[in-house]
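Asker: pasting a predicted model and its sequence here:
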Amino acid sequence: AQRVTQPEKLLSVFKGAPVELKCNYSYSGSPELFWYVQYSRQRLQLLLRHISRESIKGFTADLNKGETSFHLKKPFAQEEDSAMYYCALMPGGGNKLTFGTGTQLKVEL
Amino acid sequence: DAGVIQSPRHEVTEMGQEVTLRCKPISGHDYLFWYRQTMMRGLELLIYFNNNVPIDDSGMPEDRFSAKMPNASFSTLKIQPSEPRDSAVYFCASSSSGTGDSPLHFGNGTRLTVT
């Protein structure tokens, strides 16, 4: 069975500080990993996926198969980054997207 | 495109009543997903459809929950009878291929409160 763990319910950082949202997963095969974000009063939307290996809004995430992690990072937090972030896993070639419990990021001035 | 449309946005009902949540996916999307969001469990997949056919309903909590997709543009999630522990935000999402190549597009959700 696939499982996604986000250990922090709330993460509070100051503007300009580095951000790291933790995500660990368990899955026996080759998964696809994603980060979804929900800004206040907006719909949940895709932020990035590990296959793309791109930086979105300054965020990056590297899939570490040895540690089964997919942490989301940004070197300098901005106020507009405050949102709810969900890590998600899909089995390779599959359809079922499993989400973690989410981390609320709060960027303080 | 207005995106995935869910109705109602808010629903307050008494325990024991029937509740029906509605979803209109994005036109052309072959996959439709129902998720439930709670503080404790985050986003849980309840059921998903491909071409109107239920593929995996293993996340449906119990027989009180049922979902249908009579056509490509409409799906319902029904709870009968409702209980206070069903209080949550229910999201509908659709995608074109169901694989990682096409992201899930979420609706605004229905906030259900059962008293």
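Answerer: Sure thing, it's come through.
Asker: get me the contact residues on chain A for chain B.
Answerer: Contacts of chain A with chain B, taken as Cβ under 8 Å from any Cβ of the partner chain, map to A:6, A:32, A:34, A:36, A:43-46, A:49, A:51, A:86, A:90, A:93-102. Backbone N, C-alpha and C define where each C-beta goes, glycine included.
Asker: just the buried subset of the residues you listed, written out for ChimeraX, thanks.
Answerer: The following ChimeraX line selects those of the residues of chain A next to chain B that are buried, judged by 16 or more other Cβ atoms under 10 Å in any protein chain shown:
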select /A:6,32,34,36,43,44,46,49,86,90,94,95,96,97,98,99,100,101,102
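Asker: for the residue in chain B positioned nearest to chain A, list each beta-bridge partner.
Answerer: Scanning chain B for the residue nearest chain A gives residue B:42, at 3.3 Å (criterion: Cβ to the nearest Cβ). On the basis of DSSP bridges, residue B:42 is bridged to residue B:38.
Asker: what's the spacing between it and residue A:38?
Answerer: 11 Å (Cβ to Cβ, to the nearest Å).
Asker: give me the common contacts of those two.
Answerer: Contact criterion Cβ atoms under 8 Å, 6 or more residues apart in numbering or on different chains; residues shared by residue B:42 and residue A:38: residue A:86.
Asker: and the strands in chain A?
Answerer: If DSSP state E is used as the criterion, the strands of chain A fall at A:3-5, A:10-14, A:19-21, A:24-26, A:31-38, A:45-49, A:60-61, A:72-74, A:83-91, A:98-99, A:103-108.
Asker: now do stretch A:86-103, average pLDDT.
Answerer: Average pLDDT, stretch A:86-103: 90.
Asker: any idea how far residue A:80 is from residue A:19?
Answerer: 12 Å.
Asker: what sits against the residue in chain A that chain B sits nearest to?
Answerer: Going by Cβ to the nearest Cβ, chain B is nearest to residue A:101 of chain A, at 3.3 Å. Residue A:101 makes contact with A:5, A:6, A:9, B:40, B:41, B:42, according to Cβ under 8 Å, 6+ apart.
Asker: cool, and residue A:30?
Answerer: For residue A:30, the contacting residues are residue A:92, by Cβ under 8 Å, 6+ apart.
Asker: now do the strands in chain B.
Answerer: So, for chain B - with DSSP E - the strands run B:5-7, B:10-13, B:19-24, B:31-38, B:42-50, B:53-56, B:65-71, B:74-79, B:88-95, B:105-106, B:110-114.
Asker: format those as TSV; extra columns: mean neighbour count.
Answerer: Putting the strands of chain B into TSV (neighbours: other Cβ atoms under 10 Å in any protein chain shown) gives the following:
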stretch	mean neighbour count
strand B:5-7	16
strand B:10-13	14
strand B:19-24	20
strand B:31-38	23
strand B:42-50	20
strand B:53-56	13
strand B:65-71	15
strand B:74-79	19
strand B:88-95	24
strand B:105-106	22
strand B:110-114	18
